[in-house]
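*Asks:* Here's my sequence, what's the structure:
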Amino acid sequence: MASFDLIPYPAENLPHIKITGDIEQAGTQLSARYTLSGEINSILFPSTAILPIRKHDLWKATCFEFFIAPAGQPEYWEFNLSPSGNWNVYHMDAYRQVNMREEEKVTSLPFTFQKTDIQINLEISVNTASFLAANQKLEVGIAAIIQSNYKVETYWALAHPNPQADFHHRDGFVIAL
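*Replies:* This is a model prediction of the structure:
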């Protein structure tokens, strides 16, 4: 298990929040937990979906993401988890959309999202057996896009290795599982 504390990409008017959590791998099960605390009321959340679906462009609103890559390999997967309940998983052969496609082997992505006045919790557990070998060493990046009530997007990640926010940059995949 690895714990994390996301840092914001430098910007004006950052919300006064903290995003922490942990991620772990056990065989083919990968589990992640995010906790967002602070000024929750300053964050704009998408409307809750009655029937959550796989959907594109979730990153255009508040969204939690993680990236997994087999250690030493160029390919990776991007997981998008919207507080609405909608989700998506993309597979890329290499950096930034080289043959980007939805990962068809993932047909559902159940996760829980709970919001109170002072904290948000998101938990997910996904079986990676259909696309990764059991206990394969992974490089992991964790991120979030947080949109304020003023519709200003802020970008949070383990690291920001580029001069612009870029969650796909492999130098941001700093957790080893």
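*Asks:* so what's the residue lying closest to Ala176 once chain neighbours are set aside up against?
*Replies:* Spatial nearest neighbour of Ala176, chain neighbours left out: Glu139 (6.2 Å); criterion: Cβ to Cβ, 6 or more residues apart in numbering. C-beta coordinates here come from the backbone N, C-alpha and C atoms, glycine included. Shown in contact with Glu139 (Cβ atoms under 8 Å, 6 or more residues apart in numbering): Ile68, Ala69, Pro70, Ala71, Arg170, Phe173, Val174, Ile175, Ala176.
*Asks:* let's see it at 7 Å
*Replies:* Ala69, Ala71, Phe173, Ala176 (Cβ atoms under 7 Å, 6 or more residues apart in numbering).
*Asks:* Can you spell out which residues form a bridge with Val126?
*Replies:* Beta-bridge pairing of Val126 under DSSP bridges involves Leu30.
*Asks:* So, low pLDDT: which residues of the protein?
*Replies:* For the chain, the stretches with pLDDT under 70 are 97-98.
*Asks:* Which residue ranges of it form helices?
*Replies:* Applying DSSP state H to the chain gives no helices.
*Asks:* ok, and the closest non-adjacent residue to the residue positioned nearest the centre of it?
*Replies:* Residue closest to the average C-alpha location in the chain (Cα atoms, centre = their mean): Glu65, at 1.1 Å. Of all residues not flanking Glu65 in the chain, Ala143 sits nearest, at 4.5 Å (Cβ to Cβ, 6+ apart).
*Asks:* Thought Cys63 was touching the one you found, still the case?
*Replies:* No - using Cβ atoms under 7 Å, Ala143 is not in contact with Cys63; the gap is 8.8 Å.
*Asks:* hang on, the earlier thing: just the buried ones from the contacts of Glu139?
*Replies:* Buried members of the contacts of Glu139, counted by 16 or more other Cβ atoms under 10 Å: Ala69, Phe173.
*Asks:* residues contacting Ile43?
*Replies:* By Cβ under 7 Å, 6+ apart, the neighbours of Ile43 are Pro15, Thr62, Ile146, Gln147, Ser148.
*Asks:* The residues you listed into TSV, with extra columns for neighbour count and distance to Ile118?
*Replies:* As requested, the contacts of Ile43 are exported to TSV (neighbours: other Cβ atoms under 10 Å; distance: Cβ to Cβ, whole Å):
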residue	neighbour count	distance to Ile118
Pro15	22	14
Thr62	22	17
Ile146	24	16
Gln147	19	19
Ser148	17	17
